[in-house]
Each structure stands twice: as C-alpha cells, then as structure tokens.
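J.: here you go, sequence then predicted model.
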Amino acid sequence: MKSIKSLNKFDIVCFFLALLFALILLPSNLKSIGILLFGISVLLLTFNRKKYFNTSFFLLNTLFFFGIIFTLFYTSNYAYATRKLLTMSSLLVFPFLFSLFNSADRKKISKNKNLFLSIYIVSVFLFNTVIFLWFYLTHYSFSDIVYHFHRVIMVDLGKFGIHPIYLSIHCCLAILFSAFIYKPIQNKNLKIILVFINIVLMFFLIIYARKGPLLALIITSLLWVLFENKKNVKLKIISIISLSLLLFLIPKTRNRFSEIFTINDLKSIESNSFGIRFVIYKNASELIKESPFFGYGIGDYNDMLKESYKKNNPSLEVYYNSHNQYISFFLIGGSFLLLLYFIFLYFNVKIAVKKRNVHSLIILCFYSIVMLSENILERENGVIFFSFFLCFFSLNNYNKDEQ
C-alpha cells in the first residue's frame, strides 16, 4: 500500500514535470504557478520518505547565484535588486527541487526523457505555428505576416508575448532536442513528422533572423558532430555547413549578419543593432575599468549603465542592458562573480565529460554561446529555461552506475 502511494505521488511529479516542458504555452502570469505546482509535488513526494538531499548538486548549481546575493552588501538600489533577484530565483528554486530526487527518482525520470523532450518540441512547434496561422488567416497576407511576425509575438499577444530572441532560443533548443530523440524512434511516420516539425522551426528561425541563437545552434551542432565518434560524420558536417550557407543566402538573415560591416563612421554607429552593441560594450568596458573586482552590485549596475549612456551617448532612444551575460556579470559582481560562474561551468562540464553526458554538454555549450549576445539570466523567459534544462540534463551526472 505504501509503495502505491509513493508511485501515485511520483506520477504527479512527472505530470507537473511534463507541464514545465510545455511552459511556453502558458501566459506569463501562469508560468510561476506551473513551477509552484511542480515544487509542491516534489515536496509532497519527499515528505514522508527517508530524507535525501544532493548537497553537491545544489551547491554547484547555485554557486554564482549566491555570489549575486553577496553583492547586496554594497549595492544601494534595493528595490531594483529585489526585482532582479525574484526574476533570477529559478537559479535557486530548480537546483533545490532537483536536489531532492534520489537515485531511483533520477532513473525513473531518465526513462521518460524522450517523452518530456517530445512535449517541449511539440509545444514550441504549436506556439509558433498556431499564432502564425491565426494572424495569417485573420489579419495579414502571407508576405505581410512574414514581415511583421517578429512584432506580432512581442506586441499583439498580451501575456503570451515573447521577444523574438527568446523564441529563437526555443526553436534552436527544440531542433537540438529533436536530434536527441530522433535515433531511438522506431516508427518511420513519427520520424517523418519530426523532420517536418524541424523544417517548420527552421522557417521561423529565418523569420526571426536572430544572429546569436542561429550562431549558437550552428557552432553547437558542429562541435557535437566533431566530438561524436560515430559513422557519417562527414555527411553531418556537410549538412550543417550547407544549412549555414542557406541561412546566409536568404536576404533577411544575410542582412542581419551584414550589419557588422555596414558601419562607416562613428556618426552612424547607432544606425543598426551591431553599432548599438558597439556603443553598449564601450560604455560597459569603461564602467568595468572603474570597478573591476566586485562590480556595482545587483541593485546599481543597471543604473550605472544608464548614467553612462546619458553622459556618452545621449542620442540613444532606449537605454539598453549590456547584451552580454558575461559583461553583465562583470558589472554586477566584477571578476569575483565572473570567476564563480566559470567555476560553476567548469565543474558541470567536467562531471558531464566524466559521465559521458552529451546532452548536458550540448545545453551548456549552446547557452554559453547565446550568453555572448544576450542577458538571458536577467529575463524570465531566459533564466527559467536555462536553470530548468541545466538541472534536468544534469540529473544523470549523479547516478553512481552511470557509464
């Protein structure tokens, strides 16, 4: 009777875990409720059984978040600091909850990994296609919806709204996850459906034309193929390179990348996205020089960046964040915080290599590249999925019998 109760509780955990993989389909005000329900189900699962807590997993994956909390000692804008820490709280919540899973839990979750990944792939596919088709059928011609779709998903969806760069990240991850599950699928029809889904996701990646996620997908895929000791490696490399060339040949994506070479003088430097980033990085580098070791604290770093813009680039219509997570770490906590993050990254990679956990390595590689162009840990749509996927794919690193 006791084992039946335990099984029922674990089924509930798996249900809410599956819900997290479909989190993109929920409006912003319900995402936190989905995480809360998952947290309650995990606590109920562990409440009446022998206590277990994976301390090493928890400490490693919360290391740099506690470093951010440390900066509260020398920051002054506590209202902004509180908002940011709440936004980034997933960096604490998910490591804590996943630390409660014992070896038996991890194995059960691992058995259903492909099902969970399939839910995510289908969710990303549905989110993109349903919205696209709805606005195409009710508001726009095909050419107009292709042109305006990046604005539609930001402005016209209310609480379902999402920035194109984060939706691009979802599309890239869904494509990577498709590669994870493709080989184990036995049914040919399911494989054809999966290929079709990926073609559609590539179509949306071309529409969004976001350089950071596209480059991260291409580089991660190449590294995956190069380090994978299997047959048809040359064919896979040729396929990835061909896909990359195709992206650069399509006008919209080509124009996004060509911005790098269109800056003629300092007067026109703010005329495109690359020029704006140049301005951002220049201002950020000056601030880093003034406080290189401990930064300005989680409450003040954004205010300092805004003041720098006002002083050096008053023509900027919008005050941007640093658009680079590593630079942002420098501004928040200096080289101290950046070192903590690299310690976190180094040991996660080391453990994943030791356990031959390719999926965990791919996730770490992809996000590490995306962080070069976006502050994904400071936005809800970025930090939730970063922390969740990191914890999920790291579970098998802590199974003693994992080969």
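T.: Yes, it's here.
J.: how far off centre is the strand or helix carrying residue 222?
T.: Applying DSSP states H and E as the criterion places residue 222 in helix 211-227. From the chain centre to the centre of helix 211-227 is a distance of 14 Å (Cα atoms, centre = their mean, to the nearest Å).
J.: leaving out the residues flanking it, which one is nearest to residue 26?
T.: The shortest distance from residue 26 to any non-neighbouring residue, by Cβ to Cβ, 6 or more residues apart in numbering, is to residue 34 (5.9 Å). Any C-beta I mention is one placed from the backbone N, CA and C, and that applies to glycine too.
J.: what's the answer for residue 145, then?
T.: residue 136 (4.6 Å).
J.: so what's the one you found scoring on pLDDT?
T.: Predicted confidence (pLDDT) for residue 136: 94.
J.: give me the neighbour count for it.
T.: Number of residues near residue 136 (other Cβ atoms under 10 Å) recorded here: 15.
J.: which helices and strands sit right next to the one helix or strand it maps to?
T.: Per DSSP H and E, residue 136 falls inside helix 113-138. Counting contacts by 3 or more Cβ pairs under 8 Å, 6 or more residues apart in numbering; DSSP states H and E, helix 113-138 packs against helix 2-21, helix 142-155, helix 164-182, helix 188-208.
J.: now the second one: mean pLDDT?
T.: Which is helix 142-155. For helix 142-155, the per-residue pLDDT averages 90.
J.: ok, and for that helix, which residues are buried?
T.: 145-146, 148-150, 152-153 (16 or more other Cβ atoms under 10 Å).
J.: can you lay out the helices and strands packed on helix 113-138 as CSV showing distance to residue 119?
T.: Formatted as CSV, the helices and strands packed on helix 113-138 follow (distance: least, Cβ to Cβ, whole Å):
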stretch, distance to residue 119
helix 2-21, 4
helix 142-155, 21
helix 164-182, 10
helix 188-208, 13
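J.: wait, which of these is closest to residue 379?
T.: helix 164-182 (7.1 Å; Cβ to Cβ).
J.: run the chain-centre distance for the closest one.
T.: That offset, for helix 164-182, works out to 10 Å (Cα atoms, centre = their mean).
J.: for it, buried residues please.
T.: Applying 16+ other Cβ under 10 Å to helix 164-182 flags 164-178, 180-181 as buried.
J.: same check, this time on stretch 24-31
T.: For stretch 24-31, using 16+ other Cβ under 10 Å, the buried residues are 24-26, 31.
J.: output it as PDB, nothing but the C-alphas.
T.: Output in PDB follows, covering the C-alpha atoms of stretch 24-31 (Å, rounded to 0.1, in the frame of the first residue of the first chain):
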ATOM      1  CA  ILE A  24       6.000  28.100 -23.400                       C
ATOM      2  CA  LEU A  25       2.300  27.600 -24.000                       C
ATOM      3  CA  LEU A  26       1.300  29.300 -20.700                       C
ATOM      4  CA  PRO A  27       0.900  33.000 -20.300                       C
ATOM      5  CA  SER A  28       3.400  34.900 -18.200                       C
ATOM      6  CA  ASN A  29       1.200  35.100 -15.200                       C
ATOM      7  CA  LEU A  30       0.700  31.300 -15.100                       C
ATOM      8  CA  LYS A  31       4.300  30.200 -15.600                       C
END
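J.: got a list of contacts for it?
T.: 23, 34, 120, 123-124, 126-127, 158-162, 170, 380, 384 (Cβ atoms under 8 Å, 6 or more residues apart in numbering).
J.: type out the PyMOL command that picks the buried ones from those.
T.: Of the contacts of stretch 24-31, the buried ones go into a single PyMOL selection, burial set by 16+ other Cβ under 10 Å:
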select buried, resi 23+34+120+123+124+127+162+170+380+384
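J.: of all pairs in the contacts of stretch 24-31, which one is the farthest apart?
T.: 120 and 158 (22.8 Å).
J.: report the buried residues of the longest helix seen in the chain.
T.: Ordering each helix of the chain by length in residues (DSSP state H) puts helix 325-354 first. Neighbour-count burial for helix 325-354, counted by 16+ other Cβ under 10 Å, picks out 325, 327-334, 336-338, 340-341, 344, 348-349, 351-352.
J.: cool, stretch 96-112 as well?
T.: 96-102, 105-106, 109.
J.: ditto for stretch 356-363
T.: In stretch 356-363, counting by 16+ other Cβ under 10 Å, buried: 357, 359-363.
J.: dump those into JSON lines; add secondary structure and pLDDT as well.
T.: JSON lines is the format used below for the buried residues of stretch 356-363 (DSSP: H, G, I helix; E, B strand; the rest coil; pLDDT from 0 to 100):
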{"residue": "357", "secondary structure": "coil", "pLDDT": "92"}
{"residue": "359", "secondary structure": "helix", "pLDDT": "93"}
{"residue": "360", "secondary structure": "helix", "pLDDT": "94"}
{"residue": "361", "secondary structure": "helix", "pLDDT": "94"}
{"residue": "362", "secondary structure": "helix", "pLDDT": "95"}
{"residue": "363", "secondary structure": "helix", "pLDDT": "96"}
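J.: adding distance to residue 85, write those out as TSV.
T.: Output for the buried residues of stretch 356-363, formatted as TSV (distance: Cβ to Cβ, whole Å):
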residue	distance to residue 85
357	30
359	29
360	26
361	29
362	29
363	24
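J.: and those, which is closest to residue 187?
T.: residue 359 (21.9 Å).
J.: quick one: residues contacting the closest one.
T.: Applying Cβ under 8 Å, 6+ apart, the residues contacting residue 359 are 180, 393.
J.: at 10 Å instead, please
T.: 113, 117, 176-177, 179-180, 352, 389, 392-394, 396 (Cβ atoms under 10 Å, 6 or more residues apart in numbering).
J.: need the max-distance pair from those residues.
T.: Among the contacts of residue 359, 179 and 394 lie farthest apart (Cβ to Cβ), at 18.9 Å.
J.: ok, back up a step: counting only strands, which of the buried residues of stretch 96-112 make the cut?
T.: Using DSSP state E to define strands, no part of these is located there.
J.: shouldn't residue 380 be in contact with residue 159?
T.: No. Residue 380 is beyond contact range of residue 159, at 11.7 Å (criterion: Cβ atoms under 10 Å).
J.: pull out the buried positions in the helix holding residue 136.
T.: Here helix 113-138 shows 113, 116-125, 127-128, 131-132, 135 as buried, counting by 16+ other Cβ under 10 Å.
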